[in-house]
Structures are given as C-alpha cells and as structure tokens.
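S.K.: Task: produce atomic coordinates for the following.
(one chain, ligands or ions: 2)
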Amino acid sequence: MSKPQDGLADELKASARALGFELFGAIDPADVEALPDRPQREAGFEPRSIAVLLMPSFISRWQRGQAEVSGFYFISNKAHINTQAWIERLGERGIRAERLGTVRAKSAAARAGLGVVRRNTLLYAPEFGSFHTLQVVALSEAITFACVVDHNDYDVERLFDANECVGCARCAAACPTGALDGRGNINRDRCLRSHMMSGRETPVELRPLIGAKLMGCEACQWACPKQPDIPVRSFERDDTFNVERLLEPTRETLDALAERIGRNYARAARVSAQAALIAGNIGSREYLPALERLSESTDGTIRAHARWARDRIRFGPAKA
Ligand code: SF4
Ligand code: SF4
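M.R.: Numbers count the residues shown, from 1 in each chain. Ligands and ions are numbered 1, 2, ... in the order given. Model (predicted):
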C-alpha cells in the first residue's frame with residue numbers, strides 16, 4: 001500500500017463536496033483489484049487510491065400525462081458532469097484522475113465505509129439511505145483509506161449486512177414483478193428498470209407494470225423502513241416529459257431530455273418505444289393517431305410496443 005499524503009484526503013473531500021458530493025471515501029486499489037475488473041487498464045495509469053463519491057438523490061412526483069423519471073437519473077446526470085469537473089480540478093493540482101465505469105460501485109462504496117448493502121441489493125448511506133448515485137475515480141495519489149479491510153478476506157457477500165434486514169422482507173414484497181428473492185439477489189430479467197429504454201421489447205406480462213415510467217422504478221426502495229427522510233420534488237407540467245411529445249420526439253425534445261437526464265437516455269427510438277408503453281398504460285385515446293403511425297415503424301421494438309398500446313386503448317387491457 002502506498003503511503004498516504006497528510007491532509008490530501010481532506011482537501012479532495014472538500015473539493016468534491018463543493019460539487020455536490022456529500023460523502024467521500026477511498027480504498028486501496030488492491031482491494032478493487034480483488035474484483036474481476038482491472039482499474040489500472042481502464043484508468044490508463046497505475047492508481048494509488050480509488051475514490052468513491054456519493055451524491056444524494058430525491059424522490060420525484062409527477063402529474064398525470066407526464067412520463068415519470070426517478071430523481072436518481074437527474075442526479076446521476078449531474079454527478080457525471082460534476083465528476084468531470086472534479087477530475088479537471090485535480091488535474092490542475094497535478095493529480096491524475098480517471099472515472100472508472102467497470103468497478104462495482106456499491107461494493108467499493110461499502111468498502112470505503114460509505115454505507116452497507118442491504119437485502120434489496122442497494123447501498124444505504126446513513127443520511128441518504130439508498131437514494132443517491134455513486135461515482136468511482138482512480139487517483140494517481142495515495143490518500144488516507146477510510147475503511148481498511150484485509151483484501152485477502154474479501155468477499156462480496158460479506159458486504160451484504162444481513163443483520164440490518166433480519167425479520168424484514170418488505171422490499172421483496174413490494175416489488176411488482178417478484179424480481180427480488182428476499183435473500184439479497186435480484187433477477188434482472190424481471191426487474192422493470194432493466195427493460196426501460198433498453199431498445200429491446202419489454203415482455204408482454206411486464207408492460208402494464210411499467211405504468212407511466214420512462215426511467216426508474218423505486219418500489220423496493222420506497223417500501224424500506226431503513227430509509228431516512230428523503231426529499232421529495234414535485235414536477236410541474238414540463239413539455240419535455242409530455243407523453244405525446246415523447247412518442248414522436250423532435251430534436252428539440254431530445255435535447256431538452258438530454259440536458260436533464262443525459263444524452264445516453266435521450267435516444268429517439270428508445271424514447272419512442274418506452275413512451276408507447278406509457279401511452280398504452282395511461283389509456284387516453286388522444287395517443288391513438290401517433291400510436292397508429294408508430295405501429296408501422298421500421299423499428300421492431302417501437303412497432304411491437306405501439307401495437308400493444310394501440311390495442312390496449314382500443315379494446316381494453318384484457319384483449320391487448
Ligand atoms: S426496481 Fe422495481 S422491478 Fe426492480 S427490483 Fe425494485 S421494485 Fe422490483
Ligand atoms: S425493506 Fe427490509 S429487507 Fe429490504 S432492504 Fe429494507 S430493511 Fe432490508
């Protein structure tokens with residue numbers, strides 16, 4: 001392990017905090033290397049520490065006719081942008097830094113002492129519960145490690161603090177699809193989030209459960225008694241999230257969406273396909289003309305979702 005520089009951790013923590021990262025921890029790269037991923041390869045240099053940054057999120061509330069996006073995606077976009085700003089500031093300070101996308105962020109955060117992983121598979125931080133987003137950054141300098149764990153003792157299962165969940169299975173019971181087994185495992189094929197804006201057809205039996213969600217499902221988080229008070233933000237009517245506009249998004253709509261939740265989620269075909277499911281679930285006949293057009297789309301996912309939605313609105317849920 002490299003010798004940490006005195007005071008550097010506090011300096012980096014303060015600069016991260018100024019960018020909205022409320023919690024900051026660091027681990028020895030040797031601990032991360034115990035994972036299958038190799039941060040050295042991804043960073044392009046030999047890291048001497050791995051920083052984990054946590055930005056708190058919020059619960060979003062939406063009005064009818066709006067496509068719903070969980071607060072996480074707004075914060076995740078902000079965290080992505082601010083991490084880049086942090087990396088640039090470190091560069092000016094002579095510290096090399098590179099975001100790591102392949103490291104298991106929840107495990108790294110737990111090892112850095114930021115929180116515990118619970119039975120719904122999420123990391124809980126004391127003040128922010130599971131409503132937050134994590135960023136992992138390789139650093140060329142060694143900083144004090146908040147949580148020193150013998151990496152020979154490393155075992156992902158040990159990070160799952162089962163005692164905290166004893167006698168409770170509310171997350172598994174709250175999941176509308178049965179994706180959680182109540183033992184700390186998630187079946188990603190059943191998790192609604194895995195299907196949203198994936199570009200693939202959502203299985204027919206899961207489509208009604210999507211409701212009006214464009215991105216995000218937090219039922220397993222809302223149900224958890226271990227959550228502290230999480231801020232709630234109500235969204236006023238906003239054309240960016242108007243379902244009719246998202247069915248056939250213009251460049252302007254996609255740009256506005258990208259500004260709020262990131263370019264990665266503002267892809268026309270994916271937005272259109274997800275909006276079709278939302279339209280079918282809301283059930284308003286005003287969506288029918290757009291759904292008719294999308295039913296002839298050359299994109300197979302858009303076509304399948306639009307036909308399902310059109311038939312659901314025309315003939316009712318049972319016949320769709
Ligand atoms: S995100 Fe939704 S679908 Fe996925 S496990 Fe949680 S409650 Fe179930
Ligand atoms: S709902 Fe219960 S079992 Fe699930 S993570 Fe929260 S405390 Fe643990």
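S.K.: Would you map the helices across the stretch 201-320 of the chain?
M.R.: 207-210, 219-222, 243-247, 251-261, 268-282, 288-294, 300-315 (DSSP state H, counting those that start in this stretch).
S.K.: what's stretch 15-25 in contact with?
M.R.: Applying C-beta atoms under 8 Å, 6 or more residues apart in numbering, the contact partners of stretch 15-25 are 12-13, 51-56, 78-79, 82-83, 85-86, 89-90, 109, 112-114, 125, 127-128, 132, 135, 146-147. (C-beta placed from N, C-alpha, C; glycine too.)
S.K.: what does the stretch 151-300 of the chain have sitting close to ligand 1?
M.R.: 175, 177, 179-180, 186, 191-193, 217, 219-220 (C-beta under 6 Å from any ligand atom).
S.K.: would you turn the residues you listed into CSV with distance to residue 295 and neighbour count?
M.R.: Formatted as CSV, those follow (distance: C-beta to C-beta, whole Å; neighbours: other C-beta atoms under 10 Å):
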residue, distance to residue 295, neighbour count
175, 31, 23
177, 26, 17
179, 30, 23
180, 35, 23
186, 33, 19
191, 27, 19
192, 23, 20
193, 26, 18
217, 26, 23
219, 30, 17
220, 33, 24
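S.K.: what does the stretch 151-300 of the chain have sitting close to ligand 2?
M.R.: 165, 168-171, 223-226.
S.K.: if you set the cut-off to 5 Å instead, what comes out?
M.R.: By C-beta under 5 Å from any ligand atom, the residues of the stretch 151-300 of the chain that approach ligand 2 are 165, 168, 170-171, 224, 226.
S.K.: between those residues, which is closest to residue 26?
M.R.: Taking C-beta to C-beta as the measure, residue 26 sits nearest to residue 226 out of those, at 25.2 Å.
S.K.: so of the helices of the stretch 201-320 of the chain, which one's packed in deepest?
M.R.: Highest mean neighbour count among the helices of the stretch 201-320 of the chain (mean count of other C-beta atoms under 10 Å): helix 268-282, with a mean of 24.
S.K.: CA atoms only for it, dumped as CSV, please.
M.R.: Only the C-alpha atoms of helix 268-282 are listed here, as CSV (Å, rounded to 0.1, in the frame of the first residue of the first chain):
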residue,chain,number,x,y,z
ALA,A,268,-35.1,8.8,-30.3
ALA,A,269,-36.0,5.1,-30.9
ARG,A,270,-35.7,4.1,-27.2
VAL,A,271,-37.7,7.1,-26.0
SER,A,272,-40.4,6.4,-28.6
ALA,A,273,-40.7,2.7,-27.6
GLN,A,274,-40.9,3.5,-23.9
ALA,A,275,-43.4,6.3,-24.4
ALA,A,276,-45.6,3.9,-26.4
LEU,A,277,-45.9,1.6,-23.3
ILE,A,278,-46.7,4.6,-21.1
ALA,A,279,-49.4,5.8,-23.6
GLY,A,280,-51.0,2.3,-23.5
ASN,A,281,-51.0,2.3,-19.7
ILE,A,282,-52.4,5.8,-19.4
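S.K.: pLDDT on that helix, on average?
M.R.: The predicted model assigns helix 268-282 a mean pLDDT of 98.
S.K.: if I look at residue 52, how far off is residue 234?
M.R.: 31 Å (C-beta to C-beta, to the nearest Å).
S.K.: Comparing the two, which shows the higher neighbour count?
M.R.: With neighbours defined as other C-beta atoms under 10 Å, residue 52 and residue 234 compare such that residue 52 has more, 30 against 9.
S.K.: Okay, buried residues for stretch 25-32 please.
M.R.: 25-29, 31-32 (16 or more other C-beta atoms under 10 Å).
S.K.: what is the mean pLDDT for that stretch?
M.R.: pLDDT averaged over stretch 25-32 gives 82.
S.K.: what's the answer for stretch 180-188, then?
M.R.: Stretch 180-188 comes out at a mean pLDDT of 87.
S.K.: residues touching the residue in the stretch 201-320 of the chain positioned nearest to ligand 2, list them.
M.R.: Across the stretch 201-320 of the chain, the shortest distance to ligand 2 (C-beta to the nearest ligand atom) belongs to residue 224, at 3.3 Å. Going by C-beta under 8 Å, 6+ apart, residue 224 touches 118, 120, 129-130, 170-171.
S.K.: Now, those residues that are in helices?
M.R.: Of those, the ones assigned to helices by DSSP state H are 170-171.
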